[in-house]
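Trainee: model the structure of this input:
(one chain, ligands or ions: 1)
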Amino acid sequence: MARPVLRTCVGCRRIREQRTLVRITADPSGGVRVDAPKAPGRGAYLCASLPCLEKAWHRRVFPRAFRRALPGLDEAALRERFGAALQRRGVIAA
Ligand SMILES: [Zn+2]
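Mentor: Presented below is the predicted three-dimensional model:
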């Protein structure tokens with residue numbers, strides 16, 4: 001049996017199975033892609049939980065994780081896209 005792949009949530013710092021986490025990657029327009037497991041580039045992982053996204057946002061985790069400024073990143077838009085990803089996963093009700 002394959003050993004589960006573990007990643008750390010950048011919000012709460014808990015270690016979880018990668019498949020349960022939402023992957024965030026930088027996109028070329030200076031924003032991020034949400035829950036795009038196959039997107040190229042450095043990824044940051046979050047629990048499928050809005051409080052973890054908020055913690056990561058307020059600690060300015062994303063520019064550090066991707067080692068670049070993210071001028072296209074807006075908190076409200078990111079929350080909305082993260083929420084939509086959680087709905088797609090069935091984590092929260094639509
Ligand atoms: Zn978390």
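
Trainee: please count neighbours and contacts with C-alpha atoms only from this point.
Mentor: OK.

Trainee: residue 89: neighbouring residues, count only.
Mentor: When neighbours are defined as other CA atoms under 10 Å, residue 89 has 14 of them.

Trainee: against the ion, how distant is the residue nearest to residue 82 when sequence neighbours are not counted?
Mentor: Counting by CA to CA, 6 or more residues apart in numbering, residue 82 lies nearest to residue 34, which is 6.3 Å off, once chain neighbours are set aside. Per CA to the ion, to the nearest Å, residue 34 is found 15 Å from the ion.

Trainee: you'd agree residue 34 is up against residue 81?
Mentor: Yes. Applying CA atoms under 8 Å as the test, residue 34 and residue 81 come out as touching, 6.7 Å apart.

Trainee: those two: who's more crowded?
Mentor: For residue 34 versus residue 81, neighbours defined as other CA under 10 Å are more numerous around residue 34 (24 against 16).

Trainee: need the contact list for that one.
Mentor: 22, 23, 24, 25, 81, 82, 85 (CA atoms under 8 Å, 6 or more residues apart in numbering).

Trainee: from the residues you listed, which ones fall inside strands?
Mentor: 22, 23, 24, 25 (DSSP state E).

Trainee: quick one: pLDDT of the residue most central in space within the chain?
Mentor: Closest to where the C-alpha atoms of the chain average out (CA atoms, centre = their mean) is residue 24, at 3.6 Å. Looking at residue 24, its pLDDT stands at 96.

Trainee: quick one: residues contacting it.
Mentor: So residue 24 contacts 32, 33, 34, 35, 36, 43, 44, 45, 46 (CA under 8 Å, 6+ apart).

Trainee: buried ones among those residues?
Mentor: Neighbour counting over the contacts of residue 24 (16 or more other CA atoms under 10 Å) leaves 32, 33, 34, 35, 43, 44, 45, 46 as the buried ones.

Trainee: closest to the ion out of the residues you listed?
Mentor: residue 46 (5.4 Å; CA to the ion).

Trainee: what strand or helix carries the closest one?
Mentor: strand 43-47 (DSSP states H and E).
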